[in-house]
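with the input below, show me the fold.
(chains A, B, C and D)
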Number of protein chains: 2
Amino acid sequence: MPSVKSRREQYSQATKAALIEAATRRFAEHGFAGTSLEDVAADIQATRGAVYHHFANKTSLFQAVFDELETEMMRQVTESRATVADPWQSAFAAMEKFLDRCCDPVYGRLVWQEAPIALGWGQWQECEEKYAYGFVEQTLAELIDNGALRPLPLEPAARVTFHILGTAGMALAEASEEDKPKVRAEYAEVIGNLINGIRA
Amino acid sequence: MPSVKSRREQYSQATKAALIEAATRRFAEHGFAGTSLEDVAADIQATRGAVYHHFANKTSLFQAVFDELETEMMRQVTESRATVADPWQSAFAAMEKFLDRCCDPVYGRLVWQEAPIALGWGQWQECEEKYAYGFVEQTLAELIDNGALRPLPLEPAARVTFHILGTAGMALAEASEEDKPKVRAEYAEVIGNLINGIRA
DNA sequence: TCTGAAACATACACTGCGTATGTCGTATAC
DNA sequence: GTATACGACATACGCAGTGTATGTTTCAGA
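Numbers count the residues shown, from 1 in each chain, chains lettered A, B, ... in the order given. Got it, this is the predicted structure:
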């Protein structure tokens, strides 16, 4: 595998990236069912042939869009957690960043509304688990290690936390733009109440 | 409007009901996108013409299925609440019945998984609100009136409760058959914790 | 320079929705 | 009692959109 790519390969990767970007916009604006691959291809002056060359099918294209969004989200969240030293503070910073991302119309709609449709519930659940669950569990484990959290069974606690965050994400994604601050505060309060119950 | 229906009208209503029943089975088994109106019609020895005579389109047929499921659910839940005198007991009885219903594969899949796809998130949300939110608010109001619940702002409390119940419904719908008892217990615990925080 | 393969484009089959039109039986008006 | 209108479907068609099969071009390596 040569570290310096050939021109052909550069072009190819560029069109693939462009397809993902165009698909992101289209899916975010018209939903999964509402966008045709024809339109996506046309957006980058190509045809559906290009799409089917790079991706197995429509779902596969969506999966690529989804993966990119989730990877970027995890990067930002991980970064936020790392910028603060205090365990509590860093955990909250991570949560705040996550809620921020869910307020973004593109991320919110694609990950929390379209993804279950496009990928099917089962696969969507698996993906969510893959990206976020480990992070949640690890964060909780650190809190317990540091004595910031009562030492409760890790797996159930992580699972409930994971679910609540998911609910918040969905609620934010489905909320209208002007309702988002309110919904966010609402869930911040709920999560706060829950956490106070299990604080060390 | 004659109280005794003509034979014609009886036949017509019978086929409409049969269509809804067949659609319920098909949608529950293969999902909204995965069932064709052709198959639904064939199930009752008719053609798609019959479907389009009784319903404006595929979504409209699903809406009819959805309405029937939700109406029946509300009937059962209301009945459960009415069978017990004590406010706490009756509220819990209603919740238990709701969770029961969500464990039913047909209700769970159609209402919590397929409906957002078929109706779109906005309309689905509205429908859910129409059927269940009033009930939740009313139940909470009674609990507060009876002094069983701390007198907190009704609307936010009802909204959070509503959301948590929705999450539970989704989680149950998406859980595998053998996981359902565990998931149900998990959410019962979460809801229990939340309620303990706001008990009078 | 020649060849093979990658990167697309073109063409086609197929499914499934919605609509327009046809047909048959039944209720109603006269 | 017969004519007529209307309701309850069936039939036929257009159309969009996915997936697939088959070109065509362009670059990279021998």
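
quick one: mean pLDDT for stretch A:40-48?
Averaging pLDDT along stretch A:40-48 gives 95.

chain A: helices as residue ranges?
Secondary structure of chain A (DSSP state H): helices at A:7-30, A:37-43, A:48-54, A:58-82, A:87-103, A:105-109, A:115-119, A:121-128, A:134-145, A:154-174, A:180-198.

so what secondary structure elements neighbour the fourth one?
Going back to what we said before, that points to helix A:58-82. Under the contact definition 3 or more Cβ pairs under 8 Å, 6 or more residues apart in numbering or on different chains; DSSP states H and E, helix A:58-82 sits against helix A:7-30, helix A:37-43, helix A:87-103, helix A:105-109, helix A:115-119, helix A:134-145. Every residue, glycine included, has its C-beta placed from N, CA and C.

what residues does chain A have near DNA strand D?
A:2, A:6-8, A:35-38, A:48-49, A:52, A:57-59 (Cβ under 7 Å from any atom of the strand).

biggest separation within the residues you listed, which pair?
Taking Cβ to Cβ as the measure, the residues of chain A next to DNA strand D span a maximum distance of 36.6 Å, between A:Pro2 and A:Ser36.

between those two, point out the one with more neighbours.
Neighbour comparison, A:Pro2 and A:Ser36: the larger count goes to A:Ser36, with 13 against 6 (by other Cβ atoms under 10 Å in any protein chain shown).

chain neighbours aside, what residue packs nearest to A:Thr24?
A:Val65 (5.0 Å; Cβ to Cβ, 6 or more residues apart in numbering or on different chains).

isn't that neighbour right up against A:Arg26?
No - using Cβ atoms under 8 Å, A:Val65 is not in contact with A:Arg26; the gap is 9.5 Å.

more neighbours: which of those two?
A:Val65 (26 against 19).

residues from chain A in reach of chain B?
By Cβ under 8 Å from any Cβ of the partner chain, the residues of chain A that approach chain B are A:31, A:33, A:113, A:116-117, A:121-122, A:125, A:156, A:159-160, A:163-164, A:166-167, A:171, A:174, A:186, A:190, A:193-194, A:197.

name all residues that make contact with the residue nearest to A:Thr24.
Residues near A:Val65 by Cβ atoms under 8 Å, 6 or more residues apart in numbering or on different chains: A:20, A:23-24, A:27, A:110.

please pick the buried ones from these.
Those of the contacts of A:Val65 that meet the buried threshold are A:20, A:23-24, A:27, A:110, by 16 or more other Cβ atoms under 10 Å in any protein chain shown.

can you add pLDDT and distance to B:Ala148 and give these back as CSV?
CSV is the format used below for the buried ones among the contacts of A:Val65 (pLDDT from 0 to 100; distance: Cβ to Cβ, whole Å):
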residue, pLDDT, distance to B:Ala148
A:Ile20, 97, 54
A:Ala23, 97, 52
A:Thr24, 98, 49
A:Phe27, 97, 47
A:Leu110, 96, 42
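
which pLDDT value goes with the most centrally placed residue in chain A?
When Cα atoms, centre = their mean is applied to chain A, the residue found nearest the centroid is A:Glu70 (3.7 Å). In this prediction, A:Glu70 carries a pLDDT score of 98.

I'd like to know how far it sits from A:Met95.
16 Å (Cβ to Cβ, to the nearest Å).

which one of the helices and strands packed on helix A:58-82 lies nearest to DNA strand C?
Smallest distance to DNA strand C across those (Cβ to the nearest atom of the strand): 3.3 Å, for helix A:7-30.

just checking, what packs against the closest one?
Using 3+ Cβ pairs under 8 Å, 6+ apart, helix A:7-30 is in contact with helix A:37-43, helix A:48-54, helix A:58-82, helix A:105-109.

buried residues in it, which are they?
A:15-16, A:18-20, A:22-24, A:26-28.

need those in JSON lines (columns: distance to A:Asn146).
Shown next, in JSON lines, are the buried residues of helix A:7-30 (distance: Cβ to Cβ, whole Å):
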{"residue": "A:Thr15", "distance to A:Asn146": "48"}
{"residue": "A:Lys16", "distance to A:Asn146": "43"}
{"residue": "A:Ala18", "distance to A:Asn146": "45"}
{"residue": "A:Leu19", "distance to A:Asn146": "45"}
{"residue": "A:Ile20", "distance to A:Asn146": "39"}
{"residue": "A:Ala22", "distance to A:Asn146": "45"}
{"residue": "A:Ala23", "distance to A:Asn146": "42"}
{"residue": "A:Thr24", "distance to A:Asn146": "38"}
{"residue": "A:Arg26", "distance to A:Asn146": "45"}
{"residue": "A:Phe27", "distance to A:Asn146": "41"}
{"residue": "A:Ala28", "distance to A:Asn146": "39"}
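
who in chain A is up against DNA strand C?
A:8-9, A:11-12, A:15-16, A:41, A:45-50, A:52-54.

widest-spaced pair of those?
A:Glu9 and A:Arg48, at 22.0 Å, using Cβ to Cβ across these.

let me see the contact set for the residue in chain A positioned nearest to DNA strand C.
Residue of chain A nearest DNA strand C, by Cβ to the nearest atom of the strand: A:Gly49 (2.2 Å). Residues counted as contacts of A:Gly49 (Cβ under 8 Å, 6+ apart) are A:Ala41.

could you report the separation of it from A:Thr15?
Taken as Cβ to Cβ, the span from A:Gly49 to A:Thr15 is 11 Å.

what residues are up against the closest residue to chain B within chain A?
Going by Cβ to the nearest Cβ, chain B is nearest to A:Thr167 of chain A, at 4.5 Å. For A:Thr167, the contact set (Cβ under 8 Å, 6+ apart) comprises A:187, B:163-164, B:166-167.
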